[in-house]
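>>> pasting the sequence and the predicted coordinates here, then a few questions.
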Amino acid sequence: MEDDNAVETTYLGAIREALLEEMRADETVFMLGEDIGIYGGAFKVTDGFLDEFGPDRVIDTPISEAAIVGAAIGAAHMGLKPVAEMQFIDFIAPAFDMIVNFAAKSRYRTGIGAGLVIRGPCGAGARSGPFHSQSVESYFANVPGLKMVAPARAFDAKGLLRAAIRDPDPVLFFEHKFLYRRIKEQLPTNEEVFVPLGKARTHREGSDLTIVTYGAMVYKSTDAAETISSEDGAEVEVIDLRTLRPLDTEAIVESVTRTGRLLIVHEAPRFGGFAGEITAQVCEEAFEWLDAPIRRVTAIDTPVPYAPTLEDYYLPGEDDIVAAARWLLAY
Amino acid sequence: MRALYRCLWLTRALEERLETIFKQGHVVGGLYRSLGQEATAVGCGYALAGGDWIAPSIRDLGALLARGLDPREVLRQYTARGSSLCAGKDNTNHFTVPELGILGPISPLGTQLCVLNGVALSFRTRREPRVCLTFQGEGASRTGTSHEGFAMAAALNLPIVVVIEHNRWAFGTPSTAVAAVEQWADVAGAYGVPAGTVDGNDVLQVYDAATQAIARARAGDGMTIIVAETYRMLGHAQHDAQKYVPEHELGEWLDHDPIRSFADYLLEFGFESESTLEDIRSEVALELDAATDEILAEGYPPAEEARSRVYGDSALDADVPWTRGPEPGYEGLTSGRPGSPASHRGGA
């Protein structure tokens, strides 16, 4: 649809817009977290929110991640829609008990749900060391009751955050900090940007190999696909999962049945990572369609290191993805 | 007074009934009792008004009964009935009953204060004069989560009362071995809130202290900590014979049994006659006989129910009634002395 008013919005700006629009539309939506009010958020996502919505709906908390998530659960029980910010997603660790034991199990145990969003910046590449760079999805992947979102585009960041806020279950919303200001897109203004949870999307079409990925790795995978296209003449399909749980197995399987080859790329460490689960599901659902083994390109099994040489070595690079893709295509 | 006595007695009798059916093999898993601590739970439960919320620890059964919980629900929980409040998916008192303002605990300790803070936050946000009250053993108050909960409640000036039940034992370890605190009310200093200490085995003292703290919270003056001095008269659970407990301690605290002390008080000052109290005890026994027969005839949930209710449906979750508080200007239903609060709970 033509949209003459479409404006260029950053990934961070899209998140900010989703929060603003949901808070304006629904007075039960509120935010709590560290430095989100007076300071406007460590990344300035909530700059100006305190002035617009007041201290009841933009709550500066103590440095107490467990208490932040706990309060979000209680408020959700009472029909409010809390959006809790983890200043860095690494700091979700102190709230682990509240998330996996209280929020995730609440509906199952008691019939009373906990519809809340826990959002925060994840991911490496910003030279931030072991405690400001992690990808934590696999810590939570084995916990029924949670949903997890990891957008790559500004459009999806906005649309999925809206969906997460309206969702009746606890949603962990992983914002890749490397994309915050690097990704800019024209977002429509003449329609509501809304992306339902649980649906993957095809970022790049191809018929020879499927790459399943999410977050910042969508871009490195696409760069690798372009290299393969121009240098090898093969076309790589890139599937952006967008939502990690519920996982859109159907979309993955559909692509694999066309390409016969699967490469999974993620930024989190390899052992016990999301790629393992995807591998198992494809083996169960589409083994007969595979023409090659499933391969993974992931971070190495170490903490995220600090020095640029170390961090670059740690992270999957475009060349790693190209090499794995070539190996698969030649198999 | 009669209602208070009945609730105290019901708490003990119900737990004894649970112990009986535990020994008969009907209870699934462990059984945790509050013997000797009933007055703290009951006194606090009675001090709350309709619309208020309470988060019990595992030894606060009396508070839930005081809030109007049907004893049959407790029997259903412990016997894992499909009809139980947790539909057989969780045990003990881990149920949340919004209609009664009950937020169930989970087993990792110190956590429910953090969640109850969110309930209190919703009251504050909606300008409702409703109050939350929760309990922690002094053992649970050592967790990091608990400290975070206290700090948040104090910082946000939430309408909340926390009762630290100093029952001397955390499972098999005396609190003196794992805490350097002597006067537990001192911990309030770290959070900048007032605290008081009461005889947790004196139901009237507990009720008075809770009433004052609740009124303070309702007035918008924030959190109060109440330390209830009491004693866990049995082991951590049925499997624990508490061989580590010095016998003289049990003897001393037995002389200070909360229910017998309250009965003595009622009789001494002529509030009730022995025959009235005896009638109450008989009535409770009959009620529990009937309840036990009824619940034992019910069954476990069908196996495939194990898969249900992991995720929700937003349509079903919309506009749940308990999220709407009392009308503006609501002042609470409870005031005055014990004896009056029973009336709005259907004459417990």
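Looks like it came in fine.
>>> now the residue in the stretch 201-331 of chain A that chain B sits nearest to. Nearest residue, chain neighbours left out?
Nearest residue of the stretch 201-331 of chain A to chain B (C-beta to the nearest C-beta) works out as residue A:246 at 8.1 Å. All C-beta atoms are positioned from the backbone trio N, CA, C, and that covers glycine. Leaving out its chain neighbours, the residue that sits closest to residue A:246 by C-beta to C-beta, 6 or more residues apart in numbering or on different chains is residue A:198, at 4.3 Å.
>>> show me what contacts residue B:163?
Contact analysis of residue B:163 by C-beta atoms under 8 Å, 6 or more residues apart in numbering or on different chains lists B:40, B:44, B:133-136, B:210, B:225-228.
>>> which helix or which strand is home to it?
Element membership for residue B:163, per DSSP states H and E: strand B:160-166.
>>> rewinding a little: count residues in the vicinity of the residue nearest to residue A:246, would you?
18 (other C-beta atoms under 10 Å in any protein chain shown).
>>> for chain B, what are the nearby residues on the stretch 151-300 of chain A?
Residues of the stretch 151-300 of chain A lying close to chain B (C-beta under 8 Å from any C-beta of the partner chain) are A:166-169.
>>> switch to 10 Å and redo it
A:166-170, A:245-246 (C-beta under 10 Å from any C-beta of the partner chain).
>>> what subset of these is buried?
Buried members of those, counted by 16 or more other C-beta atoms under 10 Å in any protein chain shown: A:166-170, A:245.
>>> between the residues of the stretch 151-300 of chain A next to chain B, which is closest to chain B?
Using C-beta to the nearest C-beta, residue A:168 is the member of these that lies nearest chain B, at 3.8 Å.
>>> surely the closest one is within a strand?
No - under DSSP: H, G, I helix; E, B strand; the rest coil, residue A:168 sits outside any strand and is assigned coil.
>>> wait, it sits on residue A:145?
No - taking contacts as C-beta atoms under 10 Å, residue A:168 lies outside contact range of residue A:145: 11.3 Å.
>>> now do the shared contacts for the two.
Counting by C-beta atoms under 10 Å, 6 or more residues apart in numbering or on different chains, the shared contacts of residue A:168 and residue A:145 are A:107, A:113-114, B:311-312.
>>> list the helices and strands the one helix or strand residue B:291 maps to packs on?
For residue B:291, the host element (DSSP H and E) is helix B:274-296. Contacting helix B:274-296 under the criterion 3 or more C-beta pairs under 10 Å, 6 or more residues apart in numbering or on different chains; DSSP states H and E are the following elements: helix B:2-23, helix B:71-78, helix B:258-268.
>>> with distance to residue A:190 and mean neighbour count added, can I get the ones you listed in CSV?
Below are the helices and strands packed on helix B:274-296 laid out as CSV (distance: least, C-beta to C-beta, whole Å; neighbours: other C-beta atoms under 10 Å in any protein chain shown):
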stretch, distance to residue A:190, mean neighbour count
helix B:2-23, 62, 21
helix B:71-78, 53, 23
helix B:258-268, 68, 17
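>>> most widely separated two among the residues of the stretch 151-300 of chain A next to chain B?
A:166 and A:245 (17.1 Å; C-beta to C-beta).
>>> can you list the weak-confidence ranges in chain A?
For chain A, the stretches flagged by pLDDT under 70 are A:1-5.
>>> at 50 instead, please
Within chain A, no stretch has pLDDT under 50.
>>> tell me where the chain has helices.
All of this refers to chain A. A:11-25, A:49-53, A:65-77, A:96-97, A:104-110, A:137-140, A:154-166, A:217-232, A:249-259, A:274-286, A:308-314, A:318-330 (DSSP state H).
>>> the chain in question should be chain B.
Under DSSP H, chain B gives helices at B:2-23, B:38-47, B:61-66, B:71-78, B:111-125, B:144-155, B:175-178, B:188-191, B:203-218, B:247-254, B:258-268, B:274-296, B:314-317.
>>> re the thing from before, quick check: angle from the strand holding residue B:163 to helix B:203-218?
Interaxial angle of strand B:160-166 relative to helix B:203-218 (axes from the mean of the first three to the mean of the last three C-alpha atoms, to 10 degrees): 150 degrees.
>>> can I have strand B:160-166 written out in CSV, keeping just the CAs?
What follows is strand B:160-166, C-alpha atoms only, in CSV (Å, rounded to 0.1, in the frame of the first residue of the first chain):
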residue,chain,number,x,y,z
ILE,B,160,1.9,-3.9,52.5
VAL,B,161,2.4,-5.6,55.8
VAL,B,162,5.1,-8.3,56.2
VAL,B,163,4.9,-10.6,59.2
ILE,B,164,8.1,-12.4,60.0
GLU,B,165,7.2,-15.5,61.8
HIS,B,166,10.2,-16.2,64.0
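>>> please give me every residue in contact with residue B:106.
A:97-98, A:101-102, A:105-106, A:109-110, B:90, B:94, B:112, B:115.
>>> let me see the confidence value for residue B:1.
pLDDT for residue B:1: 88.
>>> ok, it to chain A distance?
34 Å (C-beta to the nearest C-beta, to the nearest Å).
>>> was I right about that residue contacting residue B:267?
No - contact between residue B:1 and residue B:267 fails when scored by C-beta under 10 Å: they sit 11.0 Å apart.
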